[in-house]
Structures are given as C-alpha cells and as structure tokens.
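Enquirer: A structural model of the following input is requested.
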Amino acid sequence: ELARKQLDRIAGELARCSENAVALQAEDLEPKLQEALAQRVANEYALAEMRNALEAATGELRRLEEQRMRVEQSLNPQRERVNELKLKEQAASLNVDQLAMQLADAKADEASLTPELTGARVGTLQSAIAALQRSIDALGSVNLAALEELESARERKGYLDAQSEDLTQAMETLESAIRRIDRETRNLLQATFDAVNRSFGELFPILFGGGEARLIMTGDEILDAGVQVMAQPPGKKNSTIQLLSGGEKAL
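Expert: Numbering: from 1, shown residues only. Below you'll find the predicted structure:
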C-alpha cells in the first residue's frame, strides 16, 4: 500500500512537471504567434483598403475615358466639315490661278474678256469661293471648352494610370507580406505542435509505465485544424482519449 501511494505521488509529480513543461513552451511561443496573427489581420485590412481604392480609381478612369471619347466624337464632324470646305476652296482657288495663267499664256486681252468672264467661269468660281468662305464662317470657332475638357481628361487619365500602377505595386507588396506571414505562422504552429507532441510522447510511457501516445492534427488546413489525442496504455489497443477509462483519462 505504501509503495502504491509513493507510485501515485511520483506519477502526480511527473504529470505536474509535464504540464509545466508544456505550459512554458506555449508561453514562449504564444507572444510570437499573437504578433504574427495581428500583423496578418492588419495587412489583410490594408490590402482590402488598397483594393477598394484601386476599384474607385479604375471606375473614375473608365468614366474619364468615356468622356474623352464623347468629346472627340463631337469634334469629328466639325473637323471633317472644315477640312472638306478647305479642300473645295483650295480647288476653286487653283482653278482661278490656272485660268489666269492660261489667259496670260494666250496673251489674251483681259479687259475685253472681262464682260464675258464676269458672267461665266470667273464669276462662277468667285461666287463658289465666296460661298465656301461663308460656309466656313458659319461653322464658327472650334469649341475651345471641349478641347480644354479633352486635355484635362487626358491629364486626369495619366494621373489615374500612375496611381493605379502604384496601387497595384502596393497590393503586390501586401500580398507578398501576407504570404510570408502565413508561411511563418504555419511554421510556428507546426513547430509548437511538434514540440508538444514530442513532449507528450515522451511523458506518456513514464506516467503509465509503458505504452505510447501521440497528438494528431485533424484537417488539411493547419490554421483551422483540431487536435486529437491518440493513446495506447500498456496492454491495450491504440484508441482516442474518449475510449480510455476514467482513471486513465484523469492520469
């Protein structure tokens, strides 16, 4: 009976030592784990803000691009009309010059031909030139405000392009940091689990006078996985802790 009590006392002291050893290991690793998790949450929040800013900048960029295209489309008809009238005016002026050269080459008396030409080709050409000039004048000046809006839209687009590139680079940096923190967190969790599992496997046969035990991580994702205790006291089959006797569970 005395030996039994001494054995129970020794087993109790070993259990307390095991608990103290596991607690000390957990206390050493807990601050680093909490710091890594806090940094991960902060980076994920910053990444979400960057994504929102990028989406807003992209929407503004799209709106300005549509505005620029509308302004350019509104200017195209006027440009085409002005170019068309200028070409016609140049053609008419060229015809007048050619006619004058022909009269000079023929050494014709312009004074005697003036009455005839007034109602004929020269007058027709001059009338056409005047009509074309009036058409150009009727178009009025180019919409300078539209040109200014176009230039402003282009400048805004350049600014947003640069901002979008900066945000993209910042997102890549944050994503890289999150991947690094995830990797370090996983490594830290795995190291903690391995250390506890190793200590548990070493202390179990001491407490039970033999047998073996281990911890099993349940789930494929280490950050979300649970832990299952598998134990095999001396002379018994390997089973989970739920299948052990009350005394074995308490021990």
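Enquirer: Do you have the strands of the stretch 51-200 of the chain handy? List them.
Expert: Listed in chain order, the stretch 51-200 of the chain contains no strands at all (DSSP state E, counting those that start in this stretch).
Enquirer: shaky segments in it?
Expert: For the stretch 51-200 of the chain, residues meeting the criterion pLDDT under 70 lie at 92, 96, 98-100, 102-126, 128-129, 132, 136, 139-147.
Enquirer: let's see it at 80
Expert: Residues of the stretch 51-200 of the chain meeting the criterion pLDDT under 80: 51, 53-54, 56-61, 64-65, 68-69, 71-83, 85-86, 88-151, 153, 182.
Enquirer: Where do the helices of it begin and end?
Expert: Remark: helices assigned in the stretch 51-200 of the chain by DSSP state H, counting those that start in this stretch are 110-118, 121-139, 144-208.
Enquirer: And those: which comes nearest Leu61?
Expert: helix 144-208 (4.3 Å; Cβ to Cβ). No exception for glycine: its C-beta is placed from N, CA and C like everyone else's.
Enquirer: quick one on the thing from earlier: so which of the helices of the stretch 51-200 of the chain comes closest to Leu94?
Expert: Here helix 121-139 is closest among these (Cβ to Cβ), at 9.9 Å.
Enquirer: rewinding a little: using TSV, lay out the helices of the stretch 51-200 of the chain together with mean neighbour count and distance to Ile216.
Expert: Output for those, formatted as TSV (neighbours: other Cβ atoms under 10 Å; distance: least, Cβ to Cβ, whole Å):
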stretch	mean neighbour count	distance to Ile216
helix 110-118	11	111
helix 121-139	14	85
helix 144-208	15	9
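Enquirer: Ala38 is nearest to which of the ones you listed?
Expert: Using Cβ to Cβ, the nearest of the helices of the stretch 51-200 of the chain to Ala38 is helix 144-208, at 9.8 Å.
Enquirer: between the helix or strand just after that closest one and helix 144-208, how big is the angle?
Expert: Going down the chain from helix 144-208, the next helix or strand is strand 212-218, by DSSP states H and E. Here strand 212-218 points in a direction 160 degrees away from that of helix 144-208 (axes from the mean of the first three to the mean of the last three Cα atoms, to 10 degrees).
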